[in-house]
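Engineer: Prediction below, plus the sequence it came from.
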Amino acid sequence: MTLRYLVSLGVLVAVGFFVGRALAQAPPPASGAAAKATPPPTNCKVYGPGKCCDPAAAAHLTKEAIYAACGESDATFLGEQGQKDTCKYFFKVAGAKEDETFVQVYAPATKEVPDSPTDPFFKWGKIGKVFYTEKALSPKSAPMVANATGLWLPAKGYFVAVNASTKVCDKSQVKRLAAKMK
């Protein structure tokens, strides 16, 4: 009886070990935001090496919003490049290098979002809820303000930062662009 009991116990331990190991190696089921995340589209117009923008990043500032605010269109749209939390839209501008004529949207999730941008190299102005780079505070950052305008929108659990080439969106158009940010 004891031998039979020990063999049965040994079999149960072995089965429990293998079942436990199999469960530990199986990926957990998706839940929360991961279960609701939509895969990036595959039918977009990609610019250069890259991939389509994630719809979650693109939703903060769509290419259609850029068309409306900056006077761009399908005729000048070269394509998009998507990366984690980022969507970069490229446009054709006469006399400008294609890789310098873009509007980039960056919207990372973050636990604590400041009430205003914390970049010490720029003086920030405000249009409604959106902050914009007004002027450079250092000589090294002056060319950045001359070539692009930064926009920054705080939100709950994330912020949206936009870097818009002044060749695509001039300073007056940026105010309309700021109103389109979500």
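Structural biologist: Noted; the coordinates are in hand.
Engineer: just to confirm, which helix or strand has the closest residue to Lys171 other than its chain neighbours in it?
Structural biologist: Excluding its sequence neighbours, the residue lying closest to Lys171 (Cβ to Cβ, 6 or more residues apart in numbering) is Thr149, at 6.6 Å. C-betas here are computed from N, CA, C, even on glycine. Here Thr149, judged by DSSP states H and E, is contained in strand 148-155.
Engineer: what's around the residue nearest to Lys171, how many residues?
Structural biologist: 25 (other Cβ atoms under 10 Å).
Engineer: which secondary structure elements does the strand holding Thr149 contact?
Structural biologist: In terms of contacts (3 or more Cβ pairs under 8 Å, 6 or more residues apart in numbering; DSSP states H and E), strand 148-155 is packed against strand 130-136, strand 158-165, helix 171-179.
Engineer: Show the average pLDDT along that strand.
Structural biologist: Taken as a whole, strand 148-155 has an average pLDDT of 96.
Engineer: who's the residue nearest to Lys171 bridged to?
Structural biologist: Judged by DSSP bridges, the bridge partners of Thr149 are Ala164.
Engineer: Quick check: it touching Ser172?
Structural biologist: No: counting by Cβ atoms under 8 Å, Ser172 is not a contact partner of Thr149; they are 10.5 Å apart.
Engineer: ok, back up a step: identify the residues contacting the residue nearest to Lys171.
Structural biologist: Listed by Cβ atoms under 8 Å, 6 or more residues apart in numbering, the contact partners of Thr149 are 132-133, 163-164, 166, 169, 171, 174.
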